[in-house]
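>>> just coords:
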């Protein structure tokens, strides 16, 4: 399988979250309780089955001293790479409205 643009596979934000939690020695349950969300919301993200919502990005940003935009950008990059990987080149065979 080839990946567009940078030839790197999409990385779900859950992989970044997992790294943070492991570095702090926190379980999904303990972290979920800390940021006032159910632990299955955290495990869903960790396992790549759930996206980072805007509200979750705000919580993650506050918990880790980052911006919510950081987490939203991770999710957006993942979503775009996933979409492009699944999209056939035939679906993009049309002329641009912008002159080259």
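Okay, I see it. Being a predicted model, the structure only gives us computed values, none of them experimental.
>>> Give me the phi and psi for residue 87.
phi -90, psi 130 (degrees, to the nearest 10).
>>> Tell me, how many residues neighbour it?
A total of 11 residues lie near residue 87 under the criterion other CB atoms under 10 Å. Every C-beta, even on glycine, is put in place using the N, C-alpha and C of the backbone.
>>> Going by neighbour count, which residues of the lengthiest helix in the chain are buried?
As assigned by DSSP state H, the longest helix anywhere in the chain is helix 68-86. Judged by neighbour count (16 or more other CB atoms under 10 Å), helix 68-86 contains these buried residues: 68, 71-72, 74-75, 78, 81.
>>> how about residue 52, what does it touch?
By CB atoms under 8 Å, 6 or more residues apart in numbering, the residues touching residue 52 are 13, 45, 60, 71-72, 74-75.
>>> again, only this time at 6 Å
By CB atoms under 6 Å, 6 or more residues apart in numbering, the residues touching residue 52 are 13, 71, 75.
>>> right, and the first one touches residue 74 too?
Pointing back at residue 13 there. Yes - between residue 13 and residue 74 there is a contact at 4.1 Å, judged by CB atoms under 6 Å.
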